[in-house]
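Take a look and give me a structure for this.
(chains A and B)
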Amino acid sequence: MSTTIKPVNQKAWFLILPVLICVAFSAIVPLMTVVNYSVQDIISPERRVFVGTEWFAAIMRDEELHSALLRQLTFSLSVLAVELPLGILLALSMPAQGWKASAVLVIVSLSLLIPWNVVGTIWQIFGRTDIGLMGAALQGLGIDYSYTGNATHAWLTVLLMDVWHWTPLVGLLGYAGLRSIPDAYYQAASIDGASKFAVFRYVQLPKMRGVLMIAVLLRFMDSFMIYTEPFVLTGGGPGNSTTFLSQFLTIKAVGQFDIGPAAAFSLIYFLIILLLCFILYNWMQRVGTQDKEGGHE
Amino acid sequence: MNKTGFEKRNLFMVLYIVFALLPVYWMVNMSFKTNEEILASFSLFPQHFTWANYKTILTDASWYSGYINSLIYVGINTVISITVALPAAYAFSRYSFLGDKHVFFWLLTNRMTPPAVFLLPFFQLYSTVGLMDTHIAVALAHLLFNVPLAVWILEGFMSGIPREIDETAYIDGYSFPAFFVKIFGSSGESVGRF
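From the prediction side, this is the model:
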């Protein structure tokens, strides 16, 4: 929100009332239902027992949950580790103007427009060794590739799929940041005899910081909630090597109908995301200010 | 910047474009093949080019009804999101009131919630109010993610319109709703884009 002085008017609450009612129906009521379930043992619709924090204690000690959480963290961090440098490289490589720039923009943003389950389907077929291009090519290179049989291959395929789908987002955000740098900055740098790396480090990177921060937050949040793509591609398997948190939760809630533990886990899941985003956001803001101080020395 | 740098960048760009397009190309390639050809042989181009697959999805009800369902619920969703988000965005962009910043950020936290968290309560809530298996239920469920985003985007968009324009409209004697339609409705195309 902008910081210009706005007239104080409490009647403005009436204008946001429709949104509040809407979000109350679709967010607050369901969230409270989850809280309600998480402290009860529901034996049948008529019989329910208050159990306090028992489900929370049980779910915190759940081995399966620990491994799912670890898998999820590894996956989300890998996503960031690959997509961020690749996206920056992409932003730097995209042509600045002319028909090439428009053509590249369209091609690069193509994968962002594809619905999630279609992305899963595309890669499921693309990776098959009998009819898919990538599977057949890897087979031809002598690698015994199989995303349904080999846990490592499955994991790498899900990662590659996410990189393919979302790197353009990082790239486009970075590109927008780069375009906002005035030419004078580059001229000043060339007068100072700055190397290409120095230009990147002290001119381009600081200017991209804001948009890259948004990219990191968005990619982290969304990869932490990933569900559709691995579900379509591998169904969480082989074993449970690609069962991430969302899928773990779905199996618990609608597969096994363990409503109490599932609800307790839902709340913990939500809090983990909020907490990690909060830490990430604060940490990046601090790194940013240190960068600025370093740049002025 | 020297010339070799440019070439390296171009090379990376070309490689990335190939990487970006290959999976899509493979889908397009397969869409023009018959089932037998897909399973029997492996080729980079369709050997027996056919439009039959497209004919199937456009004439077979079990395929195209999916598209119609999507269109219906997207329609409902867009109408509801924009009608509720427009006044709210206006309020956030023009006035300051008790707790405005907190409400604004609280709306955003909804965007951070894992959808799977809401799976169970949505199921129960919609069964209770008798909305199960309707287009409205799907549209309402999606409001959770779209309304906060709509408010956020519209707020940025409205803050870009100078307040003087509002005041001019009042002087010209527009009532509040009429002015609203006139000013923001005229730039509505950019709203519909998201």
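
and whichever helix or strand B:D166 is part of, which residues are buried?
In this structure, B:D166 sits in helix B:163-171 according to DSSP states H and E. Across helix B:163-171, burial judged by 16 or more other CB atoms under 10 Å in any protein chain shown covers B:166, B:169. Where C-beta positions appear, they are placed from N, C-alpha and C, glycine not excepted.

Quick one: mean pLDDT for that helix?
Mean pLDDT, computed over helix B:163-171, is 75.

near chain A at all, that helix?
No - shown here: helix B:163-171 not in contact with chain A (CB under 8 Å from any CB of the partner chain), separated by at least 8.7 Å.

And that helix, what does it pack against?
Applying 3 or more CB pairs under 8 Å, 6 or more residues apart in numbering or on different chains; DSSP states H and E, we find helix B:163-171 packed against helix B:176-186.

now the helix it packs on: mean pLDDT?
The pLDDT scores in helix B:176-186 average 65.

got it, and stretch A:101-120?
On average, stretch A:101-120 scores 87.

So what touches it?
A:90, A:94-95, A:122, A:161, A:164-166, A:168-169, A:171-172, A:228-233, B:13, B:16-17, B:20-21, B:24 (CB atoms under 8 Å, 6 or more residues apart in numbering or on different chains).

Longest helix in chain B, by number of residues?
helix B:61-94 (DSSP state H).

do that one and chain A meet?
Yes - Helix B:61-94 comes into contact with chain A (CB under 8 Å from any CB), by way of B:80, B:83-85, B:87-88, B:90-94.

Return a ChimeraX selection command for the buried portion of those.
Those of the residues of helix B:61-94 next to chain A that count as buried under 16+ other CB under 10 Å are selected in ChimeraX with:
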select /B:80,84,85,87,88,90,91,92,93,94
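
Take the residues of helix B:61-94 next to chain A and lay them out in JSON lines including pLDDT.
Converted to JSON lines, those look like this (pLDDT from 0 to 100):
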{"residue": "B:I80", "pLDDT": "84"}
{"residue": "B:T83", "pLDDT": "83"}
{"residue": "B:V84", "pLDDT": "85"}
{"residue": "B:A85", "pLDDT": "84"}
{"residue": "B:P87", "pLDDT": "83"}
{"residue": "B:A88", "pLDDT": "86"}
{"residue": "B:Y90", "pLDDT": "83"}
{"residue": "B:A91", "pLDDT": "84"}
{"residue": "B:F92", "pLDDT": "84"}
{"residue": "B:S93", "pLDDT": "81"}
{"residue": "B:R94", "pLDDT": "81"}
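
I'd like the residues of helix B:61-94 next to chain A written out as a markdown table, with distance to B:A141 added.
Output for these, formatted as a markdown table (distance: CB to CB, whole Å):
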| residue | distance to B:A141 |
| --- | --- |
| B:I80 | 12 |
| B:T83 | 18 |
| B:V84 | 15 |
| B:A85 | 17 |
| B:P87 | 22 |
| B:A88 | 20 |
| B:Y90 | 26 |
| B:A91 | 25 |
| B:F92 | 24 |
| B:S93 | 28 |
| B:R94 | 31 |
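
between the residues of helix B:61-94 next to chain A, which is closest to A:E83?
Nearest to A:E83 among the residues of helix B:61-94 next to chain A: B:A85, at 30.0 Å, using CB to CB.

ok, the closest one touching B:F157?
No - counting by CB atoms under 8 Å, B:A85 sits too far from B:F157 to count as a contact (10.9 Å).

Next one: B:A52 from B:E36, what distance?
11 Å (CB to CB, to the nearest Å).

ugh, wrong one, I meant B:E167
70 Å.

One more: A:S67?
A:S67 sits 43 Å away from B:E36, going by CB to CB.

Helix or strand: which one has residue 158?
No chain was given, so I picked chain A. Using DSSP H and E, A:V158 maps to helix A:151-179.

that's the wrong chain, I meant chain B
Secondary structure from DSSP H and E places B:M158 in helix B:135-159.

Packing partners of that helix?
Using 3+ CB pairs under 8 Å, 6+ apart as the test, helix B:135-159 ends up in contact with helix A:12-23, helix B:61-94, helix B:100-112, helix B:119-128, helix B:188-192.

7 Å instead, please
Here helix B:135-159 touches helix A:12-23, helix B:61-94, helix B:100-112, helix B:188-192, going by 3 or more CB pairs under 7 Å, 6 or more residues apart in numbering or on different chains; DSSP states H and E.

In CSV, list these along with distance to A:D258.
Listed next are those as CSV, based on distance: least, CB to CB, whole Å:
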stretch, distance to A:D258
helix A:12-23, 28
helix B:61-94, 30
helix B:100-112, 25
helix B:188-192, 43
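
As a check, name the ranges of all strands in chain A.
Using DSSP state E, the strands of chain A run over A:40-42, A:48-50.

Provide the strand pairings for the first one, with the direction of each partner.
Using DSSP bridges, the strands paired with strand A:40-42 are strand A:48-50 (antiparallel).

hmm, who's touching the partner strand?
Strand A:48-50 has contacts (CB atoms under 7 Å, 6 or more residues apart in numbering or on different chains) with A:39-42.

Tell me the one of these nearest chain B?
Nearest to chain B among the contacts of strand A:48-50: A:I42, at 10.9 Å, using CB to the nearest CB.

Identify the spatial nearest neighbour of the closest one, chain neighbours not counted.
Counting by CB to CB, 6 or more residues apart in numbering or on different chains, A:I42 lies nearest to A:R48, which is 4.8 Å off, once chain neighbours are set aside.

That neighbour: how many residues sit nearby?
Per other CB atoms under 10 Å in any protein chain shown, the neighbour tally for A:R48 reads 14.

ok, now the one 4 residues further on?
Counted with other CB under 10 Å, the neighbours of A:G52 add up to 9.

so how far is A:A27 from the residue nearest to it when sequence neighbours are not counted?
The spatial neighbour of A:G52 that comes closest, neighbours along the chain excluded (CB to CB, 6+ apart), is A:V39 at 6.1 Å. Here A:V39 is placed at a distance of 20 Å from A:A27 (CB to CB).

The two: who's more crowded?
More crowded of A:V39 and A:A27, by other CB under 10 Å: A:A27, with 22 against 16.
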